[in-house]
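Asker: Next one to model:
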Amino acid sequence: MAHSDREADRRLERAILELLDRRGPTATICPSDAARAAYVGDDDGWRALMEPVRRAARRLVAAGEVEITQSGRPVEPATARGPIRIRRTR
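Answerer: Coordinates of the predicted model:
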């Protein structure tokens, strides 16, 4: 993995964690919140970051930092399909 790719991955992970830090301990965020926060433009280019944000969330799950949820319940990141939410691990 190139240095710039690792840097982008870390930037997305930081965006997720910073958004969660600004909210209550049980709050969730949508991956699009992190994509918008990490995107530097003012157009809809953030959409290209949606899958990278989901990958960043999966890495944070593996590190024990966050959970991925659907319908308010934790789900396995590898099997989650459709809309997800991200929250701090409880």
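
Asker: where in this protein is pLDDT low?
Answerer: Scanning the chain with the threshold set as pLDDT under 70 gives 1.

Asker: Name the nearest residue to S32, ignoring sequence neighbours.
Answerer: M50 (6.7 Å; CB to CB, 6 or more residues apart in numbering). In short, each C-beta sits where N, CA and C put it, glycine included.

Asker: Now the phi/psi pair for that neighbour, please.
Answerer: Phi and psi for M50, reported as degrees, to the nearest 10, are phi -60, psi -50.

Asker: Isn't it up against P31?
Answerer: Yes. With contact defined as CB atoms under 8 Å, M50 and P31 form a contacting pair (5.9 Å).

Asker: Between these two, point out the one with more neighbours.
Answerer: P31 (23 against 14; other CB atoms under 10 Å).

Asker: Contact partners for that one?
Answerer: M50, V53, R54, A57, I84, I86 (CB atoms under 8 Å, 6 or more residues apart in numbering).

Asker: tally of neighbours for the fifth one?
Answerer: Number of residues near I84 (other CB under 10 Å) recorded here: 17.
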